[in-house]
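# Sequence and computational prediction follow.
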Amino acid sequence: MNRKGWILIVLAVCVVAAGLVLYYWHGKTTGPANVTEQNLPVAQINSQTAEQNSTFAEAVQSESHGQYAAAITQLQEALYSTSDPTQTNAILSHLQQDYELVGDYSDAVRTLQQIAGTSAYPQVSRAFAVEELGLLYVRYPDASSTLQIFSESPYRDLYVATSTNLTTRHLFSYATTIYPLPISEYYIAQSYANVMLNQKVLGQSSSTAEIVSATLKQKLVSSFQDGNAALEAVSQHPPTAIYILNAKLMNAIVLESLQRLGDTSLGDAGQAFQALLTAYDSQDPADDGSVRLQYAYYLMNIYGTSRASDIRSILEPISRSPSHGGIVTVNVLKGYIGTPVSPAKTAVVVLSTLDPDFKAFLVSLGWTSADFASSTAAAK
């Protein structure tokens, strides 16, 4: 099988798990060094808001039972009952996540932009909101979501109609100007890796291309190291309960790209993916669908059919139980139904050729023969 059609990196699906208790930072910040001194513990913010706003407390209970539509109604009511900025920020943070979980991406975008654009909110909360906009753009790059995200300033100037990769870099770079969060830094690194991987696919070998690659590699490594520094800085006070695991997932994805470029000096991607699965086992393994998909992509990209049995083993829990993958992972896979061929969709299809059970799972989500056929042709 020729990998030309699907060697391009599949951007990460950072999972927002069902029943996840949401957190956010509070307090004025000027950089990572001040996190522990000037930010309240994340759980304390939510508990204080719940104590002061009973409707918010009811919404959190609804979220814990997976009743996100009910939680949205309760959060909207809680929002109208307070003018306190701390409570408002907490409520909006929950609200945008619930909007996404029910598939209301328009309101999710609107709420994130509201958080990001409110100077009274902490810098880290605003940066996290922009980061989430970036993740929405990566997960659901349809025309309507893209139009809404980039319809107004300052986002309008970040959009590049001819390049999803460059738009992604601009959006996450903007997030880091507010506050340096590791997922944003890793996505910036990945955007440079994507260009280098494209050059590799195209077989560019001129002296000019080599100079460009060296510059891109330098920027990639710098952003990756910035991500590592940011990860260490926020590790004690993450903006969501699962944030650190998602950041480590992006770390592993960048390491995979480096390995595909012939560089393992910054770490071993396979070990990083395996360590993540172990970490999920000690917390809630039902949330590890994103890691399993990315680990499978890694094995497919690096080893091809020789690791097909390992790929089937890794994907088996997702194929067996849709709830195992997490709502967002399932929504992303559903989002490919009926869409044009893309590197991301093609990668999913190639996985299905290596794992019949995974293909059956995609069919159960609504995939049709047309979805499989177009991407299979592109992979040849």
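Great, that's in hand.
# contacting residues around the closest residue to R312 other than its chain neighbours?
Nearest residue to R312, sequence neighbours excluded (CB to CB, 6 or more residues apart in numbering): D355, at 4.6 Å. C-beta here means a position set from N, CA and C on the backbone, and glycine is covered the same way. D355 makes contact with A296, A308, I311, R312, L315, S319, according to CB atoms under 8 Å, 6 or more residues apart in numbering.
# So what does D355 look like in phi/psi?
In terms of degrees, to the nearest 10, the main-chain angles of D355 are phi -140, psi 100.
# Give me the local confidence score for it.
Predicted confidence (pLDDT) for D355: 95.
# Could you do A33 as well?
On pLDDT, A33 comes in at 37.
# Over to A175?
A175 carries a pLDDT value of 97.
# and the closest residue to G117 other than its chain neighbours, what does it touch?
Sequence neighbours aside, R126 is the residue nearest to G117 in space, at 7.7 Å (criterion: CB to CB, 6+ apart). R126 sits next to I115, A116, G117, T118, I178, Y179 when contact means CB under 8 Å, 6+ apart.
# repeat for G338
G338 is in contact with T368, A370, D371, counting by CB under 8 Å, 6+ apart.
# distance of the first one from K345?
What that stands for is T368. T368 sits 13 Å away from K345, going by CB to CB, to the nearest Å.
# Have a look at these two and say which one is more surrounded.
K345 (23 against 11; other CB atoms under 10 Å).
# And that one, how close does it get to R312?
Taking CB to CB, one finds K345 at 20 Å from R312.
# Now the strand or helix carrying S62 - C-alpha only, CSV.
Element membership for S62, per DSSP states H and E: helix 54-64. Once non-C-alpha atoms are left out, helix 54-64 reads as follows in CSV (Å, rounded to 0.1, in the frame of the first residue of the first chain):
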residue,chain,number,x,y,z
SER,A,54,-27.5,26.7,43.7
THR,A,55,-28.6,26.6,40.1
PHE,A,56,-25.0,26.2,39.1
ALA,A,57,-24.7,23.3,41.6
GLU,A,58,-27.7,21.6,40.0
ALA,A,59,-26.1,22.0,36.6
VAL,A,60,-22.9,20.3,37.7
GLN,A,61,-25.1,17.4,39.0
SER,A,62,-26.8,17.1,35.7
GLU,A,63,-23.4,17.1,33.9
SER,A,64,-22.2,14.3,36.2
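# I am finished for the moment; much appreciated.
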